[in-house]
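J.: need a 3D model of the sequence below.
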Amino acid sequence: MSLYFLLLLITGIVPLSLSFDKRLQFYKSWKYVWPSIFAVAALYIAVDVYFTKMNYWGFNPDYLSGVYLFHLPIEEVLFFIVVPYASIFLHESILEYFPQVKLSRKFNNTLTTLLIAMSLVLLLLNTERSYTFYIFTKLAVVLSIALWIRSRALRSFYLTFLVILIPFLIVNGILTGSFINGEVVWYNNDHNLGFRIFTIPVEDFAYAFSMILFNLLLIEKLKKLY
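T.: From the prediction side, this is the model:
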């Protein structure tokens, strides 16, 4: 079993098992969760394929199974299913036990506006750095949508994301070279800011935030349709 697959297995097995917990009953939300995950995954995988072909990032075969799909390691494709599921599950679990975990509407709007402005500045100053430009464009767009639709999910997600960051730092840390020889995923620093938190490119934090938030916004929309 490859290291990358093992990390995904550990990441996914607990939330999947606890989805049937009597109190949480997260499986009842699958009709909203799975369509969202696959829709968002399709968008992110398409860009991932392109960036991999352009050598903006790549993968160490020593830590892979050798099975490829869409010109990506199968583990990378599964990443866009397993990690969002685990993150959404953690977000919803926190809210089940602590329903008052959310920012005030005023502070939420102010923070979101500041983050959109920051994202716009960073993408405009880094048009030649493809990863930086891409992810801060996506972050600005997703936050703008959340602000426009007055998303309730965003108000709590700012706080639950702080908890999600704990497993994120462990899993993404290992993928980017913490605790192992070399890296599972390598980055071409010509296309990012070159600034890392531990071994994780700072863009990855915005990447994770935008991807999970995108899922939550779709879930929020689907719940209104049913």
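J.: phi, psi for the closest residue to Leu175 other than its chain neighbours please.
T.: Counting by CB to CB, 6 or more residues apart in numbering, Val184 is the residue found nearest to Leu175 once chain neighbours are left out, at 4.5 Å. To be clear about C-beta, it is placed using only N, CA and C from the backbone, and glycine gets the same treatment. Geometry field for Val184 lists phi and psi as phi -80, psi -50, criterion degrees, to the nearest 10.
J.: my guess is Val184 contacts Leu3. True?
T.: Yes. Counting by CB atoms under 8 Å, Val184 sits close enough to Leu3 to count as a contact (6.3 Å).
J.: ok so, going back, looking at the residue nearest to Leu175 now. What's its pLDDT?
T.: In this model, Val184 is scored at 98, pLDDT.
J.: numbering from 36 from now on, please.
T.: With the count now opening at 36, the last piece we talked about shows up as Val219.
J.: and it, how far is that from Gly47?
T.: Per CB to CB, to the nearest Å, Val219 is found 17 Å from Gly47.
J.: name the residue in the two with the higher neighbour count.
T.: Val219 (22 against 17; other CB atoms under 10 Å).
J.: ok, now which ones touch that one?
T.: 38-39, 94-95, 98-99, 209-212 (CB atoms under 8 Å, 6 or more residues apart in numbering).
J.: next SSE downstream of the strand or helix carrying Ile205?
T.: For Ile205, the host element (DSSP states H and E) is helix 187-210. Toward the C-terminus, helix 187-210 is succeeded by strand 220-222 as the next helix or strand (DSSP H and E).
J.: kindly provide the whole-number mean pLDDT of the next helix or strand after that following strand.
T.: Sequence-wise, the next helix or strand downstream of strand 220-222 (DSSP H and E) is strand 231-232. In this model, strand 231-232 has a mean pLDDT of 96.
J.: after strand 231-232, which helix or strand is next?
T.: That would be, after strand 231-232 and using DSSP H and E, strand 235-236.
J.: tell me what that following strand is packed against?
T.: Judged by 3 or more CB pairs under 8 Å, 6 or more residues apart in numbering; DSSP states H and E, strand 235-236 is in contact with helix 187-210.
J.: CA-only coordinates of the helix it packs on, as PDB, when you get a sec.
T.: Extracted in PDB, the C-alpha atoms of helix 187-210 (Å, rounded to 0.1, in the frame of the first residue of the first chain):
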ATOM      1  CA  ARG A 187     -24.800  30.900   6.900                       C
ATOM      2  CA  ALA A 188     -22.200  28.200   6.400                       C
ATOM      3  CA  LEU A 189     -19.400  30.700   6.100                       C
ATOM      4  CA  ARG A 190     -20.100  32.300   9.500                       C
ATOM      5  CA  SER A 191     -19.400  29.000  11.200                       C
ATOM      6  CA  PHE A 192     -16.700  27.700   8.800                       C
ATOM      7  CA  TYR A 193     -14.300  30.400   9.700                       C
ATOM      8  CA  LEU A 194     -14.200  28.800  13.200                       C
ATOM      9  CA  THR A 195     -14.500  25.200  12.300                       C
ATOM     10  CA  PHE A 196     -11.700  25.600   9.700                       C
ATOM     11  CA  LEU A 197      -9.400  26.300  12.700                       C
ATOM     12  CA  VAL A 198     -10.100  22.700  13.900                       C
ATOM     13  CA  ILE A 199      -9.900  21.300  10.400                       C
ATOM     14  CA  LEU A 200      -6.400  22.700  10.200                       C
ATOM     15  CA  ILE A 201      -5.200  20.200  12.800                       C
ATOM     16  CA  PRO A 202      -5.500  17.100  10.600                       C
ATOM     17  CA  PHE A 203      -4.700  19.300   7.500                       C
ATOM     18  CA  LEU A 204      -1.300  20.200   9.000                       C
ATOM     19  CA  ILE A 205      -0.500  16.500   9.700                       C
ATOM     20  CA  VAL A 206      -1.700  15.100   6.300                       C
ATOM     21  CA  ASN A 207      -0.500  17.900   4.100                       C
ATOM     22  CA  GLY A 208       2.700  18.200   6.100                       C
ATOM     23  CA  ILE A 209       3.600  14.600   5.300                       C
ATOM     24  CA  LEU A 210       2.600  15.000   1.700                       C
END
